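Colleague: Quick one, fold the following:
(one chain, ligands or ions: 1)
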Amino acid sequence: MVQPTPLIAGNWKMNGLRASLPEARAIADGCAGSRARVAICPPSLLIHEMCEELAGTSVLVGGQDAHWETSGAFTGEISAQMLADAGARLVILGHSERRAGCGETDAIVARKAQAALAAGLEPIVCVGETLEQRQAGEALAVVTGQVRGSLPAELAGRAFSVAYEPVWAIGTGLTPTTAEIEEMHRAIRATLTELFGPASDTAPILYGGSVKPANAAEILYAAEVGGALVGGASLKADDFLGIIRAL
Ligand code: 13P
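Modeller: Modelled structure (predicted):
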């Protein structure tokens, strides 16, 4: 079976100012030679300048969300085409903070993924169960349902990744056991194969939620884990590099 190239992406969320650009530079300098693809997804306003800062390095820059339309009367929104125009190569879609806070449904996430592909961006589609859903024994059904609903058919043969981020593990310091991560990632892989066939074996399945240098190796070497989507620990070069170097 083809192994996906690992992807380790930092999601800066609503953190970072122009003064943070040297941190991105330090990440790029420190991860040269990594066998993972490394990406930083800063707030949209920083994308253009970060691309300039990281020109000539291997670090990719990505967005954290994109609208499903290319342009129009959508006050405050940013399109996938605009992200690409600013230099982004990837885009996070369907993060649980947007699903919960902005009412994004699977169908909306799927439309956004179509728009991202049309703009030439590589989607990182996020899925994950809440604590209540896990405690009710629904985690596998919820997450595989999100995969089916959020990934449009157009992803077949295209570069993309899925990020499994249990909502209860985000920013809490809690993580699932390695066995729970492997069980979920295997279920996601089986769903991807069902939807897109063996060509989707190259799509990495990232884990996200309280990844830090101390737990990175165990998570990154778990079965079917093809990288990580890192929040808080991606803001500081030393921490993010500690995760990248665990691979
Ligand atoms: P933390 O790494 O801060 O838990 O955040 C994870 C996340 O939401 C990445 O998208």
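
Colleague: For the helix ranked longest in the chain, what is the distance to the chain centroid?
Modeller: For the chain, the helix with the greatest residue count under DSSP state H is helix 178-196. Offset of helix 178-196 from its chain centre (CA atoms, centre = their mean, to the nearest Å): 16 Å.

Colleague: residues making contact with it?
Modeller: Under the contact criterion CB atoms under 8 Å, 6 or more residues apart in numbering, helix 178-196 has outside partners 127, 139-140, 143-144, 147-148, 151, 153, 155-157, 162, 164, 175-176, 200-201, 203, 205, 207, 218-219, 222-225. In short, each C-beta sits where N, CA and C put it, glycine included.

Colleague: Just the buried ones from those?
Modeller: 127, 139-140, 143-144, 147, 151, 155, 162, 164, 175-176, 200, 203, 205, 207, 219, 222, 224-225 (16 or more other CB atoms under 10 Å).

Colleague: is any part of stretch 202-217 close to the ligand?
Modeller: Yes - under the criterion of CB under 6 Å from any ligand atom, the ligand is reached by stretch 202-217 at 208-211.

Colleague: taking the contacts of helix 178-196 one by one, which sit in strands?
Modeller: Among the contacts of helix 178-196, DSSP state E puts 127, 162, 164, 205, 207 in strands.

Colleague: Reformat those residues into a markdown table and put distance to K112 next to each item.
Modeller: Below are those laid out as a markdown table (distance: CB to CB, whole Å):
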| residue | distance to K112 |
| --- | --- |
| V127 | 14 |
| V162 | 14 |
| Y164 | 18 |
| I205 | 19 |
| Y207 | 22 |
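
Colleague: residues near A107, how many?
Modeller: By the criterion of other CB atoms under 10 Å, A107 has 12 neighbours.

Colleague: pretty sure it contacts L151?
Modeller: No - counting by CB atoms under 8 Å, A107 does not reach L151; the two are 11.5 Å apart.

Colleague: Give me every residue in this protein lying close to the ligand.
Modeller: Residues of the chain lying near the ligand (CB under 6 Å from any ligand atom): 11, 95, 165, 170-171, 208-211, 229-233.

Colleague: For stretch 240-247, which residues meet the burial criterion?
Modeller: Within stretch 240-247, judged by 16+ other CB under 10 Å, the buried ones are 240-244, 246.

Colleague: any chance you could read off phi and psi for the residue in the chain that the ligand sits nearest to?
Modeller: Relative to the ligand, the nearest point of the chain is G231 (2.2 Å; CB to the nearest ligand atom). Here is the backbone geometry of G231 (degrees, to the nearest 10): phi -90, psi -100.

Colleague: tell me the pLDDT at it?
Modeller: Note on G231: pLDDT of 98.

Colleague: ok, now how distant is it from N11?
Modeller: Applying CB to CB, to the nearest Å, the value for G231 to N11 is 5 Å.

Colleague: partners of the spatially most central residue of the chain in the sheet?
Modeller: With distances taken as CA atoms, centre = their mean, I124 lies nearest the centre of the chain, 4.3 Å away. I124 has these beta-bridge partners by DSSP bridges: I92, S161.

Colleague: Identify the residues contacting it.
Modeller: Applying CB under 8 Å, 6+ apart, the residues near I124 are 7, 9, 62, 90-93, 160-163, 206, 229.

Colleague: hey, where'd the helices end up in the chain?
Modeller: 21-31, 44-53, 80-86, 96-101, 106-118, 131-135, 139-150, 178-196, 213-220, 237-244.

Colleague: any idea of the mean pLDDT in the third one?
Modeller: Put plainly, it is helix 80-86. On average, helix 80-86 scores 98.

Colleague: what do you get for the first one?
Modeller: Along helix 21-31, the predicted confidence averages to a pLDDT of 97.
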